[in-house]
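Asker: Need a 3D model of the following:
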Amino acid sequence: MSVVLSTAPLSASDRAERWHEAVSRTFMPMDVALLEKAPSPGTIVSDQLGPLRISRVQAGPQVVTRNRRLISQDGQTSLILSLQHRGTALKEQDGRESLINPGEFSISDSSRLFRKKLDGEFSFTSFHFPREELHVRDEDLRALTATAFTAEEGSAALVATYLARVAHEAAGFDDAVGRRVAATALDLVELLIEERRGRSAPKAPQTGAATLVRVKDHIMRNLSDPDLSPAKIAEAHFVSVRYVHQLFQMEGVTLGGWIRMQRLERCRRDLLRPMARELGVAAIARRWGFVSPSHFSRVFRTAYGMTPRDWQADSVSGERRATGSD
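Answerer: Reported below is the predicted structural model:
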């Protein structure tokens, strides 16, 4: 369930203190200086996916800083990747200063001094996680903080696209799926940092994990295609079908099983939406790549212990009980 923190209901005179509390509670202890005499309303909507906290932030102009006093008090090291949507952010850390424009993203490290200035109304999505979750060298990370990553091509585009999709769907993931999604997101960030630092080699040990991340992203973008096959996936990534199967075996799952669970999870979510009663179970199944309604019903029941129609009916009954309806 999303956590919403907002200063909109407060008077302008009370917003500064409450916003400071909201920012420090969501991220880490930070100093916040609002740049308006009458502060604009601010809102933070957060979801947790395993170790990854996703927060959509919008507010008025301000300066946020992390100083030595706050660093010594906190004692924890975490990273924040921020994807800018509206307005610009001037980021400073590790001797660098970069202007982050809409569509770009950057990384900040809580263990060292940083400053972020937002001159006007803004919105961004942040991805906040413990430092130990990102398996890269400290010197590589330090070399790329406060750097503007342009989400137009290469690994940066892959990171931005995947993270934007994760943020959009975060509220609908259950815990198990959310953890898997978060792991893929962090793999992508690792891949980006290693490539920028020139550490990715064709036969390096991390190559398999990097390829798996790309394969998963390709599958997610083509999940609705009923003709999605191991051969097509392998062809799209210039590897053998056998190698694709080996990549998923490293995670203890099969390629077909992983695709099936991604499709089932999206069907399960869509079956609870108002449109489901008009479309019907078969149409929703086709929407996510299931060709045979009977096959879909069987695999759904195997995965969740009930048929798709029972899942819908149980949800409707629960809503009626909650509202006191007959």
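
Asker: Tell me where the protein has helices.
Answerer: 12-26, 68-74, 138-142, 154-169, 175-196, 207-221, 230-236, 241-249, 255-270, 276-279, 281-287, 293-304, 308-323 (DSSP state H).

Asker: So for Glu97, which of those helices sits nearest?
Answerer: Among those, helix 138-142 comes nearest to Glu97, with 15.2 Å by C-beta to C-beta. C-betas here are computed from N, CA, C, even on glycine.

Asker: tell me what that closest one is packed against?
Answerer: Packing partners of helix 138-142 (3 or more C-beta pairs under 8 Å, 6 or more residues apart in numbering; DSSP states H and E): strand 104-109, helix 175-196.

Asker: Quick check: Thr145 vs Asp74, distance?
Answerer: 17 Å (C-beta to C-beta, to the nearest Å).

Asker: Please say which of these two ends up with more neighbours.
Answerer: Comparing Thr145 with Asp74 by other C-beta atoms under 10 Å, the one with more neighbours is Thr145, at 20 against 16.

Asker: Could you verify my assumption that the more buried one touches Arg115?
Answerer: No. Thr145 lies out of contact with Arg115 (C-beta atoms under 8 Å); the separation is 11.8 Å.

Asker: shared neighbours of the two, which are they?
Answerer: Common contacts of Thr145 and Arg115 (C-beta atoms under 8 Å, 6 or more residues apart in numbering): Gln93.

Asker: and Phe105, what are its bridge partners?
Answerer: Partner residues in beta bridges with Phe105, using DSSP bridges, are Leu83, Phe149.

Asker: who touches it in this structure?
Answerer: Leu81, Ser82, Leu83, Gln84, Ala148, Phe149, Ala151, Ala156, Val159, Ala160, Leu163.

Asker: ok, the second one touching Ser108?
Answerer: Yes. In this structure, Ser82 sits in contact with Ser108. The criterion is C-beta under 8 Å, and the distance is 7.2 Å.

Asker: So between these two, which is more surrounded?
Answerer: Neighbours were counted for Ser82 and for Ser108 using other C-beta under 10 Å; Ser108 has more, 25 against 21.

Asker: how close does the more buried one sit to Gly95?
Answerer: Taking C-beta to C-beta, one finds Ser108 at 14 Å from Gly95.

Asker: so what pLDDT did the nearest residue to Ala151 once chain neighbours are set aside get?
Answerer: Nearest residue to Ala151, sequence neighbours excluded (C-beta to C-beta, 6 or more residues apart in numbering): Ala160, at 3.2 Å. Per-residue confidence (pLDDT) for Ala160: 90.

Asker: which stretch in the helices and strands packed on helix 138-142 is the model least sure about?
Answerer: helix 175-196 (a mean of 85).

Asker: That helix: how far from the chain's middle?
Answerer: 9 Å (C-alpha atoms, centre = their mean, to the nearest Å).

Asker: which residues sit against that helix?
Answerer: Outside helix 175-196, the residues that reach it (C-beta under 8 Å, 6+ apart) are 48-52, 81, 107, 127, 129, 133-136, 140-141, 144, 149, 154-156, 158-159, 162-163, 166, 170, 173, 200, 206, 209-210, 212-213, 216-217, 265.
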